[in-house]
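# Sequence first, predicted model second:
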Amino acid sequence: MGFLKSGGSVGLDIDAGVIRAVELKGRTRAAALAAAGRIEIPAGAVEEGAVADVEVVAGALKELWKDARIGSRDVIVGVSNQVVLMRIARLPKVPANKLEKVVRFQAGDYFPIPLEQLVLDFFLIGEVEGGDGPEMEVLLVAARRENLGGLLDALSAASLRPLAIDASSLALLRTLPGERQAGAVAMLDLSTGRNCSFMIAENGVPRLARSILQFQPAAAQKNPAGLFAGLGGGALVAAADDGGEKAADESGIGGWVEALANEVRASIAYYLSQRNVEYVEAIVLSGSGARMAGLPEMIQEELDVPVEIIKPLAVLGGSVPGSCSFLSAEEPDFAVSIGLAVRGLEHR
């Protein structure tokens, strides 16, 4: 892992069927959008969160950097819940300059995989009172090296330098407004792959993260990249008052929402049983699937929990450059890449 040296901060989100990048400049509390872009990639180039075709992905990255006029070649890269392991560790309190040593010494107790096979990162959450005195609560984030090989090879071939590899779900947290950091909030990222990422954060701290396999409705069976690949500005589900409910049933969308809601309901129930929390404040949707017309209302009806669509541009200061005007229609799609870029600004 590493920190930004100078220039802009670039968040890179490599998803099934599409790559997105955002470049920010300035400081965390006054970040300005410098450049943004996305490029589609063939089905199979990225599978289950890992780069499968290095040459195709590298070529797409080169084209994206050229077309979007992204200045920095240093990137913060996101990886999905499919290839990420997250644990919360309670460790003896030590001075800040000894924390990394303690983490690496004890991290093996929290993962069923030898540490030499993992890329490990960590974040200090805070201090808690333990049985034998003060302890530190630390978020451990790890990924198998074998799952990152294709990604790192593609970045190298595109002359890009990974300064940090971050969990995409953590990146999403950085795009929430302050009022949404309080209490328990669920985040559901509906991107283009077969799996979607689900996380529950409590007062801004991840407490549960998992990957949910998406049931594929009839409307998506011919699309190997997933249900939401190629979703444009138009609606996938029409409003109920003009026959949308019937169309949803015929396409299988209604069954898909029900299956997805059941998975989310089970995850929330498990979380509530493990924590001293009575309810989840809201579910925040991100990814291209969040733009399906009527989807927030359908999920809210199934779960009886307020459902919102993420607004990552709200964390940025200043106006959106004309070259990035497309973001207004695709804002939820770029939540991960914006959150990744924000992390880069935090470490400048």
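All right, it came through fine.

# Helices of the stretch 151-300 of the chain, start to end?
For the stretch 151-300 of the chain, applying DSSP state H, counting those that start in this stretch gives helices covering 168-173, 244-251, 253-274, 295-303.

# what's the last one in contact with?
Applying CB atoms under 8 Å, 6 or more residues apart in numbering, the set of residues contacting helix 295-303 from outside is 190, 237, 248, 254, 257-258, 260-261, 264-265, 268, 283, 285, 289-290, 306-309. For glycine as for every other residue, the C-beta is placed from the backbone atoms N, C-alpha and C.

# How about the shortest one?
Residues lying outside helix 168-173 but in contact with it, judged by CB under 8 Å, 6+ apart, are 11, 13, 78-81, 84, 141, 181, 187, 189, 197, 199, 201, 204, 206, 209, 284, 286, 310, 335-340, 342-343.

# And for Leu172, the neighbour number?
Using other CB atoms under 10 Å, Leu172 has 27 other residues around it.

# Same question for Phe334.
When neighbours are counted by other CB under 10 Å, Phe334 comes out with 29.

# go on, the one 10 residues further on?
Gly344 has 26 neighbours, counted by other CB under 10 Å.

# surely it meets Leu24?
Yes - assessed by CB atoms under 8 Å, Gly344 is found in contact with Leu24 at 7.4 Å.

# any common contacting residues for the two?
Common neighbours of Gly344 and Leu24 (CB under 8 Å, 6+ apart) are Ser9, Val10, Gly11.

# Which one of these is nearest to Gln117?
Proximity of the shared contacts of Gly344 and Leu24 to Gln117 was ranked by CB to CB; the top entry is Gly11 with 26.4 Å.

# Am I right that that closest one is in a strand?
Yes - Gly11 forms part of a strand when assessed by DSSP: H, G, I helix; E, B strand; the rest coil.

# count of neighbours near it?
Around Gly11 there are 30 other residues, counting by other CB under 10 Å.

# Which residues are in contact with the spatially closest residue to it that is not a sequence neighbour?
The shortest distance from Gly11 to any non-neighbouring residue, by CB to CB, 6 or more residues apart in numbering, is to Leu340 (2.9 Å). Shown in contact with Leu340 (CB under 8 Å, 6+ apart): Gly11, Leu12, Asp13, Val22, Ile76, Val77, Gly78, Asp166, Ser168, Ala171.

# Quick check: buried residues in the helix or strand harbouring Leu340?
Using DSSP states H and E, Leu340 maps to helix 335-346. Residues of helix 335-346 classed as buried: Ala335, Val336, Ser337, Ile338, Gly339, Leu340, Ala341, Val342, Arg343, Gly344, Leu345 (neighbour count, 16 or more other CB atoms under 10 Å).

# With stretch 10-26 instead?
By 16+ other CB under 10 Å, the buried positions in stretch 10-26 come out as 10-26.

# Can you get me the start-to-end distance on it?
12 Å (CA to CA, to the nearest Å).

# how far is it from where the chain is centred?
11 Å (CA atoms, centre = their mean, to the nearest Å).

# avg pLDDT for that stretch?
The pLDDT scores in stretch 10-26 average 94.

# what do you get for stretch 64-73?
96.

# what's the answer for stretch 79-97, then?
Stretch 79-97 carries an average pLDDT of 87.

# Convert that stretch to CSV, retaining C-alpha atoms only.
C-alpha atoms of stretch 79-97 as CSV (Å, rounded to 0.1, in the frame of the first residue of the first chain):
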residue,chain,number,x,y,z
VAL,A,79,-11.6,-4.6,-5.4
SER,A,80,-15.0,-6.2,-4.7
ASN,A,81,-16.3,-8.1,-1.7
GLN,A,82,-15.8,-11.3,-3.8
VAL,A,83,-12.1,-11.1,-3.4
VAL,A,84,-11.8,-9.2,-0.2
LEU,A,85,-11.7,-10.4,3.4
MET,A,86,-12.6,-8.0,6.2
ARG,A,87,-12.3,-8.5,9.9
ILE,A,88,-12.4,-6.3,13.0
ALA,A,89,-9.6,-7.1,15.4
ARG,A,90,-9.2,-6.0,19.0
LEU,A,91,-5.5,-5.6,19.7
PRO,A,92,-3.5,-4.4,22.8
LYS,A,93,-3.1,-0.7,22.9
VAL,A,94,0.3,0.4,21.6
PRO,A,95,1.9,3.6,20.3
ALA,A,96,1.0,4.6,16.8
ASN,A,97,4.5,3.9,15.5
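
# which non-adjacent residue is nearest Gly204?
Leaving aside its sequence neighbours, Gly204 sits nearest to Gln181 (CB to CB, 6+ apart; 4.2 Å).

# now swap in Ala261 and tell me
Nearest one to Ala261, counting by CB to CB, 6+ apart, is Glu302 at 3.7 Å.

# Can you report how many residues lie near that neighbour?
The burial count for Glu302: 16, using other CB under 10 Å.

# show me the contacts for the residue in the chain sticking out farthest from the centre.
Centroid-distance maximum for the chain: Asp132 at 36.4 Å, with CA atoms, centre = their mean. Asp132 makes contact with no residue, according to CB under 8 Å, 6+ apart.
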